[in-house]
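Student: sharing a model prediction with you, sequence too.
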Amino acid sequence: MDRLFLDANVLFSASWKEASGVAELWRIEGATLVTSAYAFAETVRNIEDDAHNARLRRLMQRVEVLPGAPPEQALPPGISLRAKDMPILSAAIASGATHLITGDLRDFRPLFGKRIGGVLVLRPRDYLARR
């Protein structure tokens, strides 16, 4: 069974509009969806209208939100990320996720398709294509 750690950009995109393709992740039977309080707070900070916020709240009913931020030393040696992204990968690893699902091309592109600390880093569409 897959345990998917969702980055803030995935939460934002899935809740952006009612028929979001990223929201397909919520329809996967047997998958556990998790995120961190850090990623959730980042998502909420970027939402500007009530309808978007309502869609996010509805989707979050199926997402386990992990409290706090894990220590950054949880990152394996040799992994270089900007400070804002270290808590995302750290939380994915600490949560026991099988996958980190992120659309962050700028920062995570070098890690796409790689397993870091036991977590396979993929874009949403790549994960969905593998299903």
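Tutor: Everything's here; your move. Quick caveat: nothing in here was measured; it's all calculated off a predicted structure. Residues are numbered from 1 along each chain as shown.
Student: can we go C-alpha only for contacts and neighbour counts from here?
Tutor: OK.
Student: buried residues, stretch 37-51. List them.
Tutor: Within stretch 37-51, the residues scored as buried using 16 or more other CA atoms under 10 Å are Ala37, Tyr38, Ala39, Phe40, Glu42, Thr43, Val44.
Student: for stretch 2-10, same thing?
Tutor: Arg3, Leu4, Phe5, Leu6, Asp7, Ala8, Asn9, Val10.
Student: ok, which pair from the residues you listed is furthest apart?
Tutor: By the measure CA to CA, Arg3 and Asn9 form the most distant pair in those, at 17.5 Å.
Student: bridged to Thr35, which residues?
Tutor: Note on Thr35: beta-bridge partners Val65, judged by DSSP bridges.
Student: please enumerate the strands of the protein.
Tutor: For the chain, applying DSSP state E gives strands covering 3-6, 32-36, 63-66, 99-101, 115-116, 119-122.
Student: can you show me the CA trace of the helix or strand of the chain with the lowest mean pLDDT as CSV?
Tutor: Ranked by mean pLDDT, DSSP states H and E, the weakest helix or strand in the chain is helix 86-94, scoring a mean of 91. Extracted in CSV, the C-alpha atoms of helix 86-94 (Å, rounded to 0.1, in the frame of the first residue of the first chain):
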residue,chain,number,x,y,z
MET,A,86,14.3,20.6,3.6
PRO,A,87,11.3,20.2,6.0
ILE,A,88,9.3,18.7,3.1
LEU,A,89,11.7,16.0,2.3
SER,A,90,12.5,15.5,6.0
ALA,A,91,8.9,15.1,6.9
ALA,A,92,8.3,12.7,4.0
ILE,A,93,11.2,10.5,5.2
ALA,A,94,10.1,10.7,8.9
